[in-house]
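>>> Just need the structure, nothing else, for what follows:
(2 chains)
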There are 2 protein chains.
Amino acid sequence: MKLQFFEVKTREQVWAEYRRFAPVGLEEVPLDRAYHRVLGEPIVAVEDLPGFAKATVDGYAVRARDSFGASESQPALLAVVGDVGMGEVPPFEVGPGEAARIPTGGMLPAGADSVVMVEYTEELDRRSVAISRSVAPLENMIGRGDDVRAGKEVLAAGRRLRAQEIGLLAGLGRTKVMGSRRPRVAVVSSGDEIVPVDRAPAPAQLRDINSYSLAALVEECGGEPWRLGVIPDEFQPLRAACEQALKEADICIISGGSSVGTRDLTLQVLGSFPDTEVLVHGVAISPGKPTILVRVGDRAFWGLPGHVASAMVVFHVLVRPFMDHMRGIPPSLGGRWPLRARLSRNVASRQGREDFIRVRLQQHGEGLLAEPVFGESGLISTLVRADGLVRIDRHTEGVYAGELVEILRI
Amino acid sequence: MKLQFFEVKTREQVWAEYRRFAPVGLEEVPLDRAYHRVLGEPIVAVEDLPGFAKATVDGYAVRARDSFGASESQPALLAVVGDVGMGEVPPFEVGPGEAARIPTGGMLPAGADSVVMVEYTEELDRRSVAISRSVAPLENMIGRGDDVRAGKEVLAAGRRLRAQEIGLLAGLGRTKVMGSRRPRVAVVSSGDEIVPVDRAPAPAQLRDINSYSLAALVEECGGEPWRLGVIPDEFQPLRAACEQALKEADICIISGGSSVGTRDLTLQVLGSFPDTEVLVHGVAISPGKPTILVRVGDRAFWGLPGHVASAMVVFHVLVRPFMDHMRGIPPSLGGRWPLRARLSRNVASRQGREDFIRVRLQQHGEGLLAEPVFGESGLISTLVRADGLVRIDRHTEGVYAGELVEILRI
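Presented below is the predicted three-dimensional model:
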């Protein structure tokens, strides 16, 4: 009964192991299901967008030079040669001294190089219009290819698709794209003291929290959670669950390995499969030291602490970046643009260990204040009260009140 | 052919109209589908969590006072009275001078008030252990109810459920909760120049971008998008689409009303239904001025500009907060903890109008720099290049380079 770690790794060393796993691969995704997916191919425009010059206001298509010098007191008088219909190629040209009525989105007639807003025009009769303000060439219009030029790479592979990228793909006629498959993640809660949520725990028992909170995190970061529920700390049931996960999931997360008995059992179970390699057995982070990562063939098994808050912190710090890797994105902590806040009080930390402190945020003048939430890492309520995590580097002995820190949103 | 707005409203005035619409109401949601839902009921704990005192480390349950003064050179010697089994009520007590082996998560035996970590113990034989460090009462354990006390309200109605709230609900035995129904949002692209994405546009035609980008935004903010596709600018087809939306959706978004013809047609169509009220007809924001909000019975119809970037900006500034309201959350701009950045250059703005400037973010020293992305609001690529929007108040004439601004993430 002795805590044994082969070799405690730093977070960076753990991340470096991710290269051992090939990303889950691509699949064809219909565009209307592609939101939040990771693009698996570069997108090159095969045509100009828009494919024609169009008006961005309601008004009159003109040759700009015909409007030069026009003012309220000295309007320019132009001959109206036609009406541009939406979606139609105008069957006429706009010559010198001429104009054509055009609606927003209408195609500019040949000859016209700009649009005068209707607010600065007065129709004298159906065949002539007075213009009271000059326009510059290309004003109030979008040129052919102004949005995207044919031949240009508009999105690189690895891009996370937001609503605007979905819109761009639609504009380019992509009804489907190659996107990263959603990693299927089996989530297992192990422990003889854990009972399913719908059962009343006897004294000394607890309901399964981890498989629910971890499944929600899997969903949040683009995976497909598959809750296998509560498995007792026994070789056969745990092996059966792992075998099922090996067959049908890309990743398996087992929580409950904080107790040395469970962790040893987990390793024993995984060791009974062919081609098994323990990549991580202890991480220099707090909370979350007793974390394991095992490769079984091309599948990843994560053993997370049973402590409810520890399990979630480890997910944010290690498993989420792993899922990023599996989806084809470089691992990162908390995304590209983390919030920053000033710490409300001194927080001590042990050197050689990277600490992740739960914090609540508060508005404070022009910035934010991060107030540490203290409490055992076995308490889920500490995370319910928290808005984020503050990382304390393993080379420091702590952070002083007032220091600017990055917030990993949780 | 004159732009007419009954009365241009400010954003705040538009938000104030939201009270006219009752939120979509609640439904029972299974816990494993509740992530990202808005809680529709307050959650009061009916029992203590945990329901028993438990160890947070592997080690020995003791009476703390028996460890006082223990050190490596002068360990305390205790008699081992038993092993605590996971999930079991220990059938023995720990008396003075006694200890019991206990795994992480195990229930503390009666009499014990703390746990000594296994690292600071040495088993002399199966019946005695030497303790080389003292513990304080309650150390290395979680007391009964330390996470949540029975009778306490742990989550208020209106709370957005993150992974930790899902975990807490699991811990309390909630297999389902009352959550806000996902608003069903019909999305229509109108315009004679718009063709479905899978069709090659003729000259003067464009593919439908808005119904895809807006549907993705609906999904992002917890709604259920329902793309009705492209509808021509004609009374009958548009009325048929609206009628379908009225029957089967909570909200309908029609984009394409930038051209005065389309907007008038939309109003005419909506006016043909009973109990119709135009609540908003023009908003003092840029881009996005020609936005309409119409109440038809208890349903909301939004008319958004056809310009692709304008439509998305209006969604972020007006429709997203509206969807928040419909889900039971007070409207807000960009969530509770916006990023802050310094503007990279002066940006002028017209007084009386709230401007939303597209910006790219860049790391800059300890903070972020927001670089405006210029370009017509008809260009989707401007949003693809942007990371957020910066709001410029309608009472100012602009923002100077170096000023600290809030970023509405997009």
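
>>> how about the helix or strand bottoming out on mean pLDDT in chain A: buried residues?
Lowest mean confidence among the helices and strands of chain A (mean pLDDT, DSSP states H and E): helix A:260-271, at a mean of 84. Within helix A:260-271, the residues scored as buried using 16 or more other Cβ atoms under 10 Å in any protein chain shown are A:Val260, A:Gly261, A:Thr262, A:Arg263, A:Leu265, A:Thr266, A:Leu267, A:Val269, A:Leu270. Glycine gets a C-beta too; all of them are placed from N, C-alpha and C.

>>> Quick one: name the residues of the stretch 251-400 of chain A near chain B.
Contact residues (Cβ under 8 Å from any Cβ of the partner chain) of the stretch 251-400 of chain A with chain B: A:258-261, A:306-308, A:312, A:336-337, A:339-340, A:361, A:366-368, A:376-381, A:383-384, A:386-387.

>>> quick revisit: which other residues reach the helix or strand just after the least confident helix or strand of chain A?
Note on helix A:260-271: by DSSP states H and E, the next helix or strand toward the C-terminus is strand A:276-281. Strand A:276-281 is contacted from outside by A:5-9, A:14, A:17, A:20, A:267, A:270, A:291-296, using Cβ atoms under 8 Å, 6 or more residues apart in numbering or on different chains.

>>> Next: stretch A:132-146.
Under Cβ under 8 Å, 6+ apart, the answer for stretch A:132-146 is A:48-57, A:59, A:62, A:64-65, A:67-72, A:75-76, A:108, A:113-117, A:120-122, B:376, B:378-379.

>>> Distance from the chain centre to it, please.
37 Å (Cα atoms, centre = their mean, to the nearest Å).

>>> Likewise for stretch A:382-402?
On Cα atoms, centre = their mean, the centre of stretch A:382-402 falls 23 Å from that of its chain.

>>> what ranges do the strands span in the stretch 251-400 of chain A?
Here the stretch 251-400 of chain A has its strands, by DSSP state E, counting those that start in this stretch, at A:251-255, A:276-281, A:285-286, A:292-296, A:299-304, A:339-343, A:347-348, A:354-364, A:367-372, A:388-392, A:398-399.

>>> Mean neighbour count, those strands: which tops it?
The highest average neighbour count among the strands of the stretch 251-400 of chain A, using mean count of other Cβ atoms under 10 Å in any protein chain shown, belongs to strand A:251-255 at a mean of 28.

>>> and that strand, what does it pack onto?
strand A:184-190, helix A:210-220, helix A:235-248, strand A:299-304, helix A:320-326 (3 or more Cβ pairs under 8 Å, 6 or more residues apart in numbering or on different chains; DSSP states H and E).

>>> quick one: that strand to chain centroid distance?
22 Å.

>>> Go ahead and produce PDB holding the CA coordinates of that strand.
Extracted in PDB, the C-alpha atoms of strand A:251-255 (Å, rounded to 0.1, in the frame of the first residue of the first chain):
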ATOM      1  CA  ILE A 251     -10.900   7.000 -26.200                       C
ATOM      2  CA  CYS A 252     -11.800   5.600 -22.900                       C
ATOM      3  CA  ILE A 253     -11.900   7.600 -19.700                       C
ATOM      4  CA  ILE A 254     -12.000   5.700 -16.400                       C
ATOM      5  CA  SER A 255     -12.400   7.800 -13.300                       C
END
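
>>> can you put the buried residues of helix A:260-271 in TSV and add distance to A:Pro42?
Converted to TSV, those look like this (distance: Cβ to Cβ, whole Å):
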residue	distance to A:Pro42
A:Val260	48
A:Gly261	50
A:Thr262	45
A:Arg263	43
A:Leu265	46
A:Thr266	41
A:Leu267	42
A:Val269	42
A:Leu270	38
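
>>> any low-confidence regions in chain A?
Counting by pLDDT under 70, chain A shows low-confidence ranges at A:1-6, A:257-260.

>>> Domains in it, by residue range?
Domains of chain A are assigned by automatic domain parsing as A:11-25+A:182-326, A:30-49+A:149-180, A:54-142, A:339-409.

>>> From what I see, A:Asp83 and A:Arg101 are in contact.
Yes: using Cβ atoms under 8 Å, A:Asp83 is in contact with A:Arg101, at 4.6 Å.

>>> Which one's more surrounded, these two?
A:Arg101 (21 against 14; other Cβ atoms under 10 Å in any protein chain shown).

>>> and that one, backbone torsions?
With angles defined as degrees, to the nearest 10, A:Arg101 sits at phi -60, psi 140.

>>> Check the contacts of strand A:276-281 and tell me the two furthest apart.
Spanning the widest gap among the contacts of strand A:276-281 are A:Val8 and A:Val296, at 21.9 Å by Cβ to Cβ.

>>> Going along the chain, name the helices of chain A.
For chain A, the helices defined by DSSP state H occupy A:11-17, A:163-171, A:210-220, A:235-248, A:260-271, A:308-314, A:320-326, A:380-384.

>>> from those helices, which stretch is densest packed?
helix A:308-314 (a mean of 29).

>>> residues making contact with it?
If you take Cβ under 8 Å, 6+ apart as the criterion, helix A:308-314 is touched by A:209-210, A:213-214, A:217, A:255, A:258, A:283, A:285, A:287-288, A:291, A:304-305, A:356, A:358, A:375-380, A:382-383, A:389, A:410, B:163-164, B:167, B:171.

>>> what about A:Gly282, how many neighbours?
By the measure other Cβ under 10 Å, the count of residues near A:Gly282 is 19.

>>> ok, it to A:Glu17 distance?
13 Å (Cβ to Cβ, to the nearest Å).

>>> If we ignore the residues flanking it in sequence, what's nearest whichever residue of the stretch 201-350 of chain A sits closest to chain B?
Here the residue of the stretch 201-350 of chain A nearest chain B is A:Ser213; by Cβ to the nearest Cβ that distance is 3.1 Å. Spatially, and ignoring its direct neighbours in sequence, A:Ser213 is nearest to B:Gly167 (3.1 Å; Cβ to Cβ, 6 or more residues apart in numbering or on different chains).

>>> Relative to chain B, how far out is the nearest residue to A:Ala70 once chain neighbours are set aside?
Closest residue to A:Ala70 apart from its sequence neighbours, by Cβ to Cβ, 6+ apart: A:Ala76 at 3.9 Å. Distance, A:Ala76 to chain B, by Cβ to the nearest Cβ, to the nearest Å: 18 Å.

>>> I'd guessed A:Ala76 sits against A:Ala64; true?
No: between A:Ala76 and A:Ala64 there is no contact under Cβ under 8 Å: 10.8 Å.

>>> Comparing these two, which residue is more hemmed in?
Legend: neighbour count by other Cβ under 10 Å for A:Ala76 and A:Ala64, higher for A:Ala76 (21 against 17).

>>> So A:Gly40 sits against A:Ala157, correct?
Yes: A:Gly40 is within contact range of A:Ala157, at 6.0 Å (criterion: Cβ under 8 Å).

>>> Counting neighbours, go ahead and name the busier of those two.
A:Gly40 (21 against 15).

>>> tell me the contacts of that one?
A:Gly40 is in contact with A:Leu26, A:Ala157, A:Val177, A:Met178, A:Gly179, A:Ser180, A:Gly328, counting by Cβ under 8 Å, 6+ apart.

>>> Alright, that wraps it up for me.
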